[in-house]
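**Student:** build the 3D model from these lines:
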Amino acid sequence: MMLLDWILKNRSKRWKVPLKPPKLSDTNSNEEDKNHLKEDEKQLKENKKQLEEDSRQVEEEQKQLDEDKKQLKDKKQLKPLKSHQTRRSKCNIVLEIVVVFIGSILMFFGFIQGPLQPASFKLPAPPKFEGVLAANTKLQEATNIFQGRVFGPESIAIKDGVLYTGIDDGRLVAINGTEVNTIASFHASNDESIPCGIPAIEHLCGHPLGLRFDKSGSSLYIIEAYSGLYKINLTSGTAQHLSKYNDQYIGEHMQFVNDLDVTSEGVVYFSDSSSQWHRRDYAYLGVEGSATGRIFKYNPSTDRTEVVLDDLAFPNGVQLSPNEDFLLFCETTYARINLLFLKGTMKGQVVSFVENLPGLPDNIRASSNGGYWVGFSVVRKQPFSLFDFLSDKPWVRSYISKIIPPDVISRYMPKYGLIVELDQLGNIKQSLHDPSGEVVPGCSEVLDTGDALYLGSHNNPFIAKVTLKK
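**Tutor:** Prediction:
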């Protein structure tokens, strides 16, 4: 009835419902009244019937509307949920596959015996490039000489204006003006078809490293990385093999003979960077961080070689003091230079000369100012040094060694040219930089002639020359 009241109240035009009862006639014409009444009753019945039919239709429409709302609600809730569940399911499957794949790789390499047994160590935070270490572009003023004619000239010696250096195809060469002449070859094989200059066969071709003249300047002492210590008389052209890699008095064989210095009496101090890794694997030595290196002493009066120090982490460049009362040697892995007393009450003792250098030191040589020049093959780059970060994570370095060859590791080391000059007490006096690494990507050694610096590197195909300003 409520629906009927609403229709009556709003005067729907669809149904012809009398709004007021008919007014009776005063003439008492009963027949007319009856007829009108019958017609009204008939009309009312029709309207009631129509109303009932419309009510049923409204109910059906309301029922259909409720059903449509329910279906719409189901679409909004159930279907997106189903799609979301499908996406989650696919994501989970992909994630599980990735996890299983990575886990399989880690397990695979975990069972493989890697070439390294990495040691854990921790260095102090690298020094900031400020003050005397502030970055500059002084090395970008260098001139690269003999580009493409000398590959890997790590160490350089000079006599009468002629430069001498060893290169990666196993030759010792003399550079006079524009000429590059071969002085000696350290090939272990007579097969001339061997393509020397390739790291994988470097042991067959040889690689001369450290060079020094004796005090008279008549003999040149050479370290060949694989076979040991040599002496060449430049006047007569004769050569002597003074100390061999498998010398019977040294214990474990030399594997990576590196640098040297010679006293006025002809005693030679030289380094063997590792008793395990060859020079061609030097990147592995740096990644492993092991301490199997040694310092040797060759005595010409006895013709014997003896171990002076052992258990060193990548001993590298060596340099005698002006009075020959102590020996400085770079310990590359630990970014420091040590001092070994050769005379006096502290003879045989080792102390630190300079700690926490801004890079990994290679060779050390005297400067014309009475101090020392140090070259860095790798810089502990600011603000993040990957070498420092991995130093106390031996398991990461172990995995690296299983999947990346040493020549690839060395190829992607950061390029940054840096050399520093130390005073007699080990304080840094000045630094020369090439932050871009475009002119001088790295430096192994600095030869100071007083008017110029000659920079050698085991990686560069040239010698860099920096003219000193008076």
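**Student:** excluding sequence neighbours, find me the nearest residue to the spatially most central residue of the chain.
**Tutor:** With distances taken as CA atoms, centre = their mean, the residue of the chain nearest its centroid is Leu386 (5.4 Å). Spatial nearest neighbour of Leu386, chain neighbours left out: Pro414 (7.9 Å); criterion: CB to CB, 6 or more residues apart in numbering. Glycine gets a C-beta too; all of them are placed from N, C-alpha and C.
**Student:** and if you look at Glu438?
**Tutor:** Gln140 (7.3 Å).
**Student:** would you mind measuring from the nearest residue to Asn176 once chain neighbours are set aside to Leu468?
**Tutor:** Nearest in space to Asn176, with sequence neighbours left out and distances taken as CB to CB, 6+ apart, is Val162 at 4.8 Å. Separation of Val162 from Leu468 (CB to CB, to the nearest Å): 20 Å.
**Student:** repeat that for Gly293.
**Tutor:** Taken as CB to CB, the span from Gly293 to Leu468 is 33 Å.
**Student:** between these two, who's got more neighbours?
**Tutor:** With neighbours defined as other CB atoms under 10 Å, Gly293 and Leu468 compare such that Gly293 has more, 28 against 11.
**Student:** residues touching that one, list them.
**Tutor:** Going by CB atoms under 8 Å, 6 or more residues apart in numbering, Gly293 touches Phe256, Ser271, Asp272, Ser273, Ser274, Ser275, Asp310, Asp311, Leu312, Ala313, Phe314, Pro315.
**Student:** surely Phe353 forms part of a strand?
**Tutor:** Yes - judged by DSSP: H, G, I helix; E, B strand; the rest coil, Phe353 forms part of a strand.
**Student:** show me where the stretch 101-250 of the chain has helices.
**Tutor:** For the stretch 101-250 of the chain, the helices defined by DSSP state H, counting those that start in this stretch occupy 202-205.
**Student:** low-confidence stretches in it?
**Tutor:** Of all residues in the stretch 101-250 of the chain, those with pLDDT under 70 make up the ranges 101-114.
**Student:** where exactly do the strands run in it?
**Tutor:** In the stretch 101-250 of the chain, strands defined by DSSP state E, counting those that start in this stretch lie at 143-145, 156-159, 162-166, 171-176, 179-185, 208-213, 219-224, 228-233, 239-244, listed in chain order.
**Student:** ok, and what's touching the last one?
**Tutor:** Translated: strand 239-244. By CB under 8 Å, 6+ apart, strand 239-244 touches 184, 227-233, 268, 270, 296, 298, 300, 303, 305.
**Student:** 10 Å instead, please
**Tutor:** Contacts to strand 239-244, defined as CB atoms under 10 Å, 6 or more residues apart in numbering, come from residues 172, 183-184, 186, 219-224, 227-233, 249-250, 253-254, 257, 260, 266, 268, 270, 272, 296-298, 300, 303-305.
**Student:** what is the distance between that strand and the centre of its chain?
**Tutor:** 39 Å (CA atoms, centre = their mean, to the nearest Å).
**Student:** what residues sit buried inside it?
**Tutor:** By neighbour count on 16 or more other CB atoms under 10 Å, the buried set for strand 239-244 is Ala239, Leu242, Ser243.
**Student:** residues touching Asp423, list them.
**Tutor:** Here Asp423 is in contact with Ser367, Asn369, Gly370, Gly371, Tyr372, Lys429, Gln430 (CB under 10 Å, 6+ apart).
**Student:** since we're on the residue nearest to the fifth one when sequence neighbours are not counted, how many residues are nearby?
**Tutor:** Of all residues not flanking Tyr372 in the chain, Leu422 sits nearest, at 4.6 Å (CB to CB, 6+ apart). A count of neighbours around Leu422, defined by other CB under 10 Å, yields 21.
**Student:** quick one: the residue nearest to Glu438 and Pro441 touch, right?
**Tutor:** No - counting by CB atoms under 10 Å, Gln140 does not reach Pro441; the two are 11.6 Å apart.
**Student:** overlap of the contact sets of the two?
**Tutor:** Among the neighbours of Gln140, those also in contact with Pro441 (CB under 10 Å, 6+ apart) are Gly417, Asp434.
**Student:** secondary structure class for the residue nearest to Leu386?
**Tutor:** coil.
**Student:** thought Arg171 was touching Tyr164?
**Tutor:** No - Arg171 lies out of contact with Tyr164 (CB under 10 Å); the separation is 11.1 Å.
**Student:** so what sits against both of these two?
**Tutor:** Residues touching both Arg171 and Tyr164 by CB under 10 Å, 6+ apart: Ile183, Pro208.
**Student:** Val307 sits in which helix or strand?
**Tutor:** Per DSSP states H and E: Val307 is located in strand 304-312.
**Student:** got the angle for that strand vs strand 239-244?
**Tutor:** 50 degrees (axes from the mean of the first three to the mean of the last three CA atoms, to 10 degrees).
**Student:** which stretches of the stretch 301-450 of the chain form strands?
**Tutor:** 304-312, 315-320, 326-331, 336-341, 350-354, 359-366, 372-379, 417-422, 428-434, 445-448.
**Student:** report the distance from the fourth one to the chain centre.
**Tutor:** Computed by CA atoms, centre = their mean, the chain-centroid distance of strand 336-341 equals 29 Å.
**Student:** where does the prediction get shaky in the stretch 351-470 of the chain?
**Tutor:** Within the stretch 351-470 of the chain, the ranges that satisfy pLDDT under 70 run 406-407.
**Student:** which positions in stretch 384-398 come out as buried?
**Tutor:** Buried residues in stretch 384-398, counting neighbours by 16+ other CB under 10 Å, are found at Ser385, Phe387, Asp388, Ser391, Pro394, Arg397, Ser398.
**Student:** ok, residues contacting it?
**Tutor:** By CB under 10 Å, 6+ apart, the surrounding residues in contact with stretch 384-398 are 109-110, 114-126, 284, 286-289, 333-335, 358-360, 378-381, 399-400, 413-414.
**Student:** just the buried residues of those.
**Tutor:** Here, 16+ other CB under 10 Å leaves 114-116, 118-119, 123, 126, 284, 286-289, 333-335, 358-360, 378-381, 399-400, 413 buried among the contacts of stretch 384-398.
**Student:** bridging residues for Ile463?
**Tutor:** Ile145 (DSSP bridges).
**Student:** count residues in the vicinity of it, would you?
**Tutor:** Neighbourhood size, Ile463 [other CB under 10 Å]: 23.
**Student:** residues contacting the spatially closest residue to Gly426 that is not a sequence neighbour?
**Tutor:** Nearest residue to Gly426 in three dimensions, chain neighbours excluded: Val354, at 3.9 Å (CB to CB, 6+ apart). Applying CB under 10 Å, 6+ apart, one finds that Val354 lies in contact with 328, 330, 335-339, 361, 372, 374, 420, 422, 425-428.
**Student:** average pLDDT for the helix or strand where Tyr284 lies?
**Tutor:** Using DSSP H and E, Tyr284 sits in helix 282-288. Helix 282-288 shows a mean pLDDT of 87.
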